[in-house]
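Q: Pasting the sequence and the predicted model now:
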Amino acid sequence: MGFKKVNCKAEIDAELKKNPEMIKLAEEFDREYELIKKIVKVRKEMGLTQKDISEKSGLTQQMVSRIENVGHSPTLSNFMKYLTAIGLNIDIARKVKM
């Protein structure tokens, strides 16, 4: 039996149209992914390694790696330790609806 060529984006879009709840989940995942990408970029721009963050934060290097891996969601406490080790703060902003 041969393989069927699949357009993954089209398949995902079709599923999202069928289930509006999936749209919320996809948006949450995208926000988390973008946040993780940004903090890893900042860490690298500062010339810091995961080991450096581990030593500054008290987290293990494995925990730092998991925070940077999109498949894992850290506890708020561990996330704050990571951010503090890099020298970042969290600002809360209200999302304006138009």
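A: That came through, no problem.
Q: Helices of the chain, start to end?
A: 8-18, 20-45, 50-57, 61-68, 76-86 (DSSP state H).
Q: Just the C-alphas of the first one, formatted as CSV.
A: Translated: helix 8-18. Only the C-alpha atoms of helix 8-18 are listed here, as CSV (Å, rounded to 0.1, in the frame of the first residue of the first chain):
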residue,chain,number,x,y,z
CYS,A,8,-0.8,19.0,7.2
LYS,A,9,-1.8,22.7,7.4
ALA,A,10,-5.0,22.0,5.5
GLU,A,11,-5.8,19.1,7.8
ILE,A,12,-5.2,21.1,10.9
ASP,A,13,-7.2,24.1,9.6
ALA,A,14,-10.1,21.7,8.8
GLU,A,15,-10.0,20.3,12.3
LEU,A,16,-9.9,23.8,13.8
LYS,A,17,-13.0,24.7,11.9
LYS,A,18,-14.9,21.6,13.2
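Q: Comparing the helices of the chain by mean pLDDT, which bottoms out?
A: Lowest mean pLDDT of those: helix 8-18, a mean of 81.
Q: which other helices and strands contact it?
A: In terms of contacts (3 or more CB pairs under 8 Å, 6 or more residues apart in numbering; DSSP states H and E), helix 8-18 is packed against helix 20-45. The C-beta positions use only the backbone N, C-alpha and C, and glycine is treated the same way.
Q: Could you check the angle the helix it packs on makes with helix 50-57?
A: Counting by axes from the mean of the first three to the mean of the last three CA atoms, to 10 degrees, helix 20-45 lies at 90 degrees to helix 50-57.
Q: Return the distance of helix 20-45 from the chain's centre.
A: Relative to its chain's centre, helix 20-45 lies at 4 Å (CA atoms, centre = their mean, to the nearest Å).
Q: Show me which residues of it are buried.
A: For helix 20-45, a neighbour-count test (16 or more other CB atoms under 10 Å) marks 36, 39, 43 as buried.
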